[in-house]
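>>> Provide a 3D model corresponding to the input given below.
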Amino acid sequence: MTLKATIMAKKYHNPALQQEPIGEPAAIIAPRENESLFRWIKSTGRFMPHQSDKFHDRQETDELEDILDQDEEVDPEE
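Predicted structure coming up:
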């Protein structure tokens with residue numbers, strides 16, 4: 001291993017990555033039987049359902065409705 005590779009290995013340590021010899025086929029992780037990508041993401045806790053109503057602020061829409069109601073009360077002859 002060269003000096004640059006040694007420095008990079010110490011600086012950026014990622015156990016998920018490994019170096020393979022150029023002349024050898026890469027090691028492949030065998031897929032699990034009967035497990036879809038969606039199930040794997042869900043089982044690792046990386047899937048988060050969309051929660052749009054949880055933080056919805058009803059006050060903003062009420063203010064907009066008040067402004068629109070005021071516009072309707074204006075005399076139509078103007």
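>>> low pLDDT regions in this structure?
1, 3-10, 29, 50-62, 71-78 (pLDDT under 70).
>>> which residues of it fall in strands?
Counting by DSSP state E, the chain has no strands at all.
>>> can you give me the helices in it?
For the chain, the helices defined by DSSP state H cover 3-11, 37-43, 58-72.
>>> contacts for the shortest one?
By that I understand helix 37-43. For helix 37-43, the surrounding residues in contact (Cβ atoms under 8 Å, 6 or more residues apart in numbering) are 32, 47. All C-beta spots, glycine's among them, are computed from the backbone N, C-alpha and C.
>>> ditto for stretch 11-19
Outside stretch 11-19, the residues that touch it by Cβ under 8 Å, 6+ apart are residue 27.
>>> alpha carbons of that stretch, in CSV - could you do that?
Coordinates of each C-alpha in stretch 11-19 appear next as CSV, following Å, rounded to 0.1, in the frame of the first residue of the first chain:
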residue,chain,number,x,y,z
LYS,A,11,-8.7,9.5,7.2
TYR,A,12,-11.7,7.8,5.6
HIS,A,13,-12.4,4.5,7.4
ASN,A,14,-15.5,2.8,6.1
PRO,A,15,-15.8,-0.9,7.0
ALA,A,16,-18.4,-1.4,4.3
LEU,A,17,-15.8,-0.8,1.6
GLN,A,18,-12.9,-3.2,0.9
GLN,A,19,-10.2,-3.4,-1.6
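>>> what is the neighbour count of the closest residue to residue 20 other than its chain neighbours?
Leaving aside its sequence neighbours, residue 20 sits nearest to residue 26 (Cβ to Cβ, 6 or more residues apart in numbering; 5.1 Å). The number of residues packed near residue 26 is 7, by other Cβ atoms under 10 Å.
>>> what do you get for residue 40?
When neighbours are defined as other Cβ under 10 Å, residue 40 has 13 of them.
>>> give me the distance between it and residue 27.
As judged by Cβ to Cβ, to the nearest Å, residue 40 and residue 27 stand 19 Å apart.
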